[in-house]
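>>> got a structure for you, letters missing:
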């Protein structure tokens, strides 16, 4: 009886993690809020950034090589935080590094608009999209 219960418990724990990459490509915004709140006080801003950057796809890769939910560039992740590219696909690590970099940009800016411009390397259309999505939250 104990073996059956143990086997059932193992199946319950392992099967969702095995199907992660196949079934669940996009994460729900609600599932990300607790993670975001650990690393940034303005979770709505970060959620909007994730929506614009990756549409909640943790495996997103841009044309310039930025990866993950917050589209962190592997060069920045390695140079500043010593994190390898393969770890940037982990939602928590990506959000942690993206939020740290966003805070860095915010400290060197007068407002969120300038910080977002620094975060994206000067993409002027980006901040407008982020603020439009924030209004929906």
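Ah, there it is. Please read all numbers here as calculations on a predicted model, not as lab measurements. Numbering: from 1, shown residues only.
>>> ok, now which ones touch residue 130?
45, 48-49, 52, 116 (Cβ atoms under 8 Å, 6 or more residues apart in numbering). Where C-beta positions appear, they are placed from N, C-alpha and C, glycine not excepted.
>>> So which bits of the helix or strand hosting it are buried?
For residue 130, the element it lies in under DSSP states H and E is helix 124-136. For helix 124-136, a neighbour-count test (16 or more other Cβ atoms under 10 Å) marks 126-127, 129-130, 133-134 as buried.
>>> just stretch 77-87 next, same as before
Within stretch 77-87, the residues scored as buried using 16+ other Cβ under 10 Å are 77, 83, 85, 87.
>>> Quick check: helices, which of the residues you listed are part of them?
residue 77 (DSSP state H).
>>> Is it possible to get CSV of the buried residues of stretch 77-87 that adds distance to residue 100 and pLDDT?
Shown next, in CSV, are these (distance: Cβ to Cβ, whole Å; pLDDT from 0 to 100):
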residue, distance to residue 100, pLDDT
77, 10, 91
83, 10, 93
85, 17, 95
87, 14, 95
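>>> Tell me the one of the buried residues of stretch 77-87 nearest residue 93?
residue 87 (5.1 Å; Cβ to Cβ).
>>> so how far is residue 70 from the closest residue in space to that closest one that isn't next to it in sequence?
Distances taken as Cβ to Cβ, 6 or more residues apart in numbering place residue 93 nearest to residue 87, at 5.1 Å, with adjacent residues excluded. According to Cβ to Cβ, to the nearest Å, residue 93 and residue 70 sit 10 Å apart.
>>> out of the two, which sits in the more crowded spot?
residue 70 (26 against 18; other Cβ atoms under 10 Å).
>>> Tell me if I'm right that the more buried one and residue 94 touch.
Yes: using Cβ atoms under 8 Å, residue 70 is in contact with residue 94, at 5.5 Å.
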